[in-house]
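Asker: Please work out how this folds:
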Amino acid sequence: MEAVVYEEFGGPEVLRHESGVAVPEPGPGEVRVKVAAVGVNPVDWKRRYGWVEAFYPTTFPAVPGLEFAGTVDALGEGVTDLAVGDQVLGWTKTGAYAEYAIAGTVAPKPVGLSWEAAASLPVAGETAQRVLDLIGVRAGETLFLHGAAGVVGSVAVQLAVAAGITVVGSASESNHAYLRELGAIPVAYGEGLAERVAAAAPGGVDAVFDAAGHGVLPVAIELLGGEGTADKGRIATIAATDAAEYGITFSGVTGAPDAVRAALTAQARQAVEGTLAVRLAETLPLKEAARAQELSESGHVRGKLILVP
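Answerer: All right, here's what the predicted structure looks like:
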């Protein structure tokens, strides 16, 4: 089968597009999926560099990619809740940058949801919901979301606003109109961020979700009352690897499969109904995986990058 493979940590040049990779076989309780679309995420190139081994250990040769949408192609022994031909979206155990993959946690793909839109949901949706739950933000409270216009951030904005939470979101000024459309109060990045957030939320901030990093954790602590006063359990990051130095949680591991499946099923339904959306940036052929990761790493992509085998 066609797949993208790498056998050592490094830059985009370690990725090789190959056509003779063995097709994986499903074991007991597993299913194989013919991949229709793959979502590209920052964790893909962070894994390629070897930066997140504590959360996602690598065995070489490795196929990148966590999320996909596709059609169930083969069933392992004992599988009764899925059938060959079912269209699904979710997570893979063997790497998604390939024609075929062994599925991990999956949810049904609703009729009317495109393959590209379906493949954009699993990582962003699961991450956004996990962190919102972790920091315990609830209706009537105010959330500061750093990096609100990114893929994870924009999904988190939509989930939070739908739950009755006021969201102040940081983004470049070119994305402020987009954040307003999602229901957030936009503020600009950069020096003076804490003052701008405080002005946008005169009643104070109850929780902070850092989806972008770039040294924002001291600002998060200041917004919640300062060192010694802030409840750091109400701050979480998915981007700042130095979080432990501040006593803040770095959230990088997915939740329990049943909860993930239920949330993904609900989010896919919201997506096809038009109440939850992921902005799509560009769709590229699988052989351009290295370019897709370079674009992701540049930090200048507006929306989700998708690969198609």
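
Asker: phi, psi of the residue lying farthest from the centre of the chain?
Answerer: In the chain, the greatest distance from the average C-alpha position (C-alpha atoms, centre = their mean) is reached by Gly228, at 31.6 Å. Dihedral angles of Gly228 (phi, psi; degrees, to the nearest 10) stand at phi 90, psi -20.

Asker: Ala107 bridge partners, please.
Answerer: Per DSSP bridges, the residues bridged to Ala107 are Leu89.

Asker: For it, give me its contacts.
Answerer: 88-90, 261, 264-265, 268 (C-beta atoms under 8 Å, 6 or more residues apart in numbering). Where you see a C-beta, it was placed from the backbone N, CA and C, and this is true even at glycine.

Asker: Glu126 versus that one, what's the distance?
Answerer: As judged by C-beta to C-beta, to the nearest Å, Ala107 and Glu126 stand 10 Å apart.

Asker: any residues in contact with both of those two?
Answerer: Common neighbours of Ala107 and Glu126 (C-beta under 8 Å, 6+ apart) are Leu264.

Asker: sorry, back to before: can you give me the pLDDT of the residue farthest from the centre of the chain?
Answerer: pLDDT for Gly228: 90.

Asker: Check Val72 too.
Answerer: Val72 is given a pLDDT of 98.

Asker: For it, give me its contacts.
Answerer: Taking C-beta under 8 Å, 6+ apart as the test, what Val72 contacts is 31-33, 82-88, 103.

Asker: What sits closest to it if chain neighbours are left out?
Answerer: Asp86 (4.4 Å; C-beta to C-beta, 6 or more residues apart in numbering).

Asker: can you count the residues close to that neighbour?
Answerer: By other C-beta atoms under 10 Å, the residues close to Asp86 number 17.

Asker: any idea how far Ala271 is from it?
Answerer: 18 Å.

Asker: cool, and Arg302?
Answerer: 18 Å.

Asker: Of the two, give the one with the bigger neighbour count.
Answerer: More neighbours surround Ala271 than the other of Arg302 and Ala271, with 24 against 15 (other C-beta under 10 Å).

Asker: Pull the contacting residues for the more buried one.
Answerer: With C-beta under 8 Å, 6+ apart, Ala271 has these contacts: 110, 113, 117-118, 121, 277-278.

Asker: Could you confirm it falls within a strand?
Answerer: No - looking at Ala271 with DSSP: H, G, I helix; E, B strand; the rest coil, it is helix, so not inside a strand.

Asker: where does it land on pLDDT?
Answerer: Reported pLDDT for Ala271: 95.

Asker: how about stretch 52-63: buried residues?
Answerer: Neighbour counts over stretch 52-63 (16 or more other C-beta atoms under 10 Å) mark 52, 62-63 as buried.

Asker: My error: substitute stretch 161-178 in the last question.
Answerer: Under 16+ other C-beta under 10 Å, the buried positions of stretch 161-178 are 165-171, 175-176, 178.

Asker: Could you tell me which of the residues you listed are located in strands?
Answerer: 166-171 (DSSP state E).

Asker: just to revisit the earlier point, quick one: which of the contacts of Ala271 is nearest to Ala149?
Answerer: Nearest to Ala149 among the contacts of Ala271 is Val278, at 11.9 Å by C-beta to C-beta.

Asker: That closest one - nearest residue in space that isn't next to it in sequence?
Answerer: Nearest one to Val278, counting by C-beta to C-beta, 6+ apart, is Ser120 at 4.1 Å.

Asker: Tell me which residues touch Val278, please.
Answerer: Val278 touches 117, 120-121, 124, 151, 154-155, 271, 303-304, counting by C-beta under 8 Å, 6+ apart.

Asker: just to revisit the earlier point, out of the contacts of Ala271, which is most surrounded?
Answerer: Using other C-beta under 10 Å as the neighbour test, those are led by Ala118, with 30 neighbours.

Asker: just to revisit the earlier point, of the contacts of Ala271, just say which sits nearest to Glu2.
Answerer: Using C-beta to C-beta, Ala118 is the member of these that lies nearest Glu2, at 20.1 Å.

Asker: Which element, helix or strand, includes that closest one?
Answerer: helix 115-119 (DSSP states H and E).

Asker: can you list the contacts of Ala271 in JSON lines and add secondary structure and pLDDT?
Answerer: Converted to JSON lines, the contacts of Ala271 look like this (DSSP: H, G, I helix; E, B strand; the rest coil; pLDDT from 0 to 100):
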{"residue": "Pro110", "secondary structure": "coil", "pLDDT": "96"}
{"residue": "Leu113", "secondary structure": "coil", "pLDDT": "96"}
{"residue": "Ala117", "secondary structure": "helix", "pLDDT": "96"}
{"residue": "Ala118", "secondary structure": "helix", "pLDDT": "97"}
{"residue": "Leu121", "secondary structure": "coil", "pLDDT": "96"}
{"residue": "Ala277", "secondary structure": "coil", "pLDDT": "91"}
{"residue": "Val278", "secondary structure": "coil", "pLDDT": "92"}
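
Asker: Cheers, nothing more for now.
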